[in-house]
Structure formats: structure tokens, C-alpha cells
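**Q** fold the stuff below for me.
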Amino acid sequence: MVGSLATIFSFLIKGCLILSVLIWLARYRQLPMALRVLGYFLVFDLAVELLAGYLFSKKINNLPLLHLFTFGEFIFFSFFYYHLIRFLTEHKRYFYLFFGLVVSFLIVNSTFIQSIHSFNSIAKCTVHLILIIYAVWYFYQMSFDSEAELKRSDRPLRLINSAVLLYYSGSLFIFMFTNFIQANDMRMHRGFWAFNAGLNVVFQLLVLTGLCLTVLRQTKSSSSWP
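**A** Next up is the predicted model:
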């Protein structure tokens, strides 16, 4: 049951990713900079998903991809939020210092602390916590915007930010207990991973919806009379 559900989720995730990447490629020049950056993450995500599936089918350890994916999550989403959070763009020096420190930590963790052939739960939890902070920070920033500014702000970006907050909050909980659950109850471990895949489906659907809404709004704007 859990295995079948995970397989369905996997197909849904890849399907959403393919659609999102196609929309991103078709409308790249018209998209705001934040969504351009997000598109690179989606391409990276799709490539990792396909390669992980291939390695799994060949019974090859695909955990090194999890380490690589953690780097990608932090890098792409940091620059995604760099274009959304005013404080980050106004204080570039601190942003790049923080960015360099986290990347250095991820390298040290994968090299000396948690092998690339094991779960990188420390790095995962750290990155997920940072992404949650980014998402909350963006909503906090919006609380200071006037009603007129909120109406002019990009609703698809707010939808995608909600997707980040939802998915990474749930995923953080899972990775906090991954090693303990794996060592004590494999059935529960598979259940948690199926739940994580389900959260990923919701995340991908919300991102796809955000991209579609952006394209739809641009289409209406370009077809309207001056």
C-alpha cells in the first residue's frame, strides 16, 4: 500500500516538474527574476528525481544525490529569496557572508561528519530551517506593506512562498527523526517517506499553479487595450 502510494506520488512529482519546466522555458524572458531563479531549481530538481529513480531501479545507493540536492536547495532558494526579501538585497555583504558560511558547513558535513552514502540529516535540517526562516521573513516583510502595495504584489509568488513554508516545515520534522526511525522501525520509515512525497506533490502543484497564474496574468495584460 505504502509502496504503491509512493510510486503514484513519484509520477505526480515528475509530471508537475516537467510541466513547470516547460512553462518556465517558454516564458523565461517574461518572468520576474525570482521565478527565473526558481526555474533553475526546478530543472535541477527534475534531473535529480530522474537520476535517483534510475539508480534505485539499478539498486545503486542514491544517497549521494541527497547530499547534492541539499546544496541545490540552499543555493537556488537563497537567490530566489534574495530577489524577494528587501533586507537581503539592501545588505548584500551580509547575505554573501551568510551564504558562504552555510555552503562551507554543508561541504564539511558531507566530507567529515555524515558520509555521502548515508542520510545527511544534519545538513537537511539546517537547510530546511533556513528556508522556513526565508519564507516567514517574506511574509513578515509583507506585513509592513500598505494595502495598495499588497494588491500590486505578486500573488503567484506569495502562493509559491506558502508552498515552501508548508513543504519544508513538514520535511524538517521528518528529517529530524530519519536516522532514529530507520534504525528502529522500517515500516514507519517508509510511511514517513511516503508522507514526505505527498508533501512534495502539494509543493509541486502549488509551484505549477503559481507559474500558470503568472503566465495567465501576463497574457491578459498583453491582450488588454491600452
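**Q** what's the neighbour count on residue 165?
**A** Close neighbours of residue 165, defined as other C-beta atoms under 10 Å, add up to 18. In this view, the C-beta of every residue, glycine as well, is placed from N, C-alpha and C.
**Q** and if you look at residue 112?
**A** As a measure of burial, residue 112 has 8 neighbours, counting by other C-beta under 10 Å.
**Q** and it, which of the three is it?
**A** Following DSSP: H, G, I helix; E, B strand; the rest coil, the label given to residue 112 is helix.
**Q** please report how far it lies from residue 127.
**A** Distance from residue 112 to residue 127, counting by C-beta to C-beta, to the nearest Å: 18 Å.
**Q** and for residue 65?
**A** For residue 65, the distance to residue 127 - C-beta to C-beta - is 15 Å.
**Q** tell me the confidence at residue 192?
**A** With respect to pLDDT, residue 192 scores 76.
**Q** that one: neighbour count?
**A** Neighbours around residue 192, by other C-beta under 10 Å: 19.
**Q** ditto for the one 4 residues further on
**A** Close neighbours of residue 196, defined as other C-beta under 10 Å, add up to 18.
**Q** cool, and residue 42?
**A** 23.
**Q** how about low-confidence regions in the protein?
**A** 1-3, 146-153, 178-189, 220-226 (pLDDT under 70).
**Q** mind naming the longest helix for it?
**A** Looking across the chain with DSSP state H, the single longest helix is helix 186-223.
**Q** that one - contacts with which helices or strands?
**A** Applying 3 or more C-beta pairs under 8 Å, 6 or more residues apart in numbering; DSSP states H and E, one finds that helix 186-223 contacts helix 2-26, helix 33-57, helix 155-176, helix 178-184.
**Q** how about the third one: buried residues?
**A** Under the neighbour-count criterion of 16 or more other C-beta atoms under 10 Å, helix 155-176 has 156-172, 174-175 buried.
**Q** show me what it is packed up against.
**A** Judged by 3+ C-beta pairs under 8 Å, 6+ apart, helix 155-176 is in contact with helix 33-57, helix 121-142, helix 186-223.
**Q** OK, contacts around the residue nearest to residue 211 when sequence neighbours are not counted?
**A** Distances taken as C-beta to C-beta, 6 or more residues apart in numbering put residue 23 closest to residue 211, at 4.9 Å, once the chain neighbours are dropped. Residue 23 is in contact with 208, 211, 212, 215, counting by C-beta atoms under 8 Å, 6 or more residues apart in numbering.
**Q** now do residue 23 against residue 96, distance only.
**A** 31 Å.
**Q** hang on, the earlier thing: can you check what angle separates the longest helix of the chain from helix 155-176?
**A** 170 degrees (axes from the mean of the first three to the mean of the last three C-alpha atoms, to 10 degrees).
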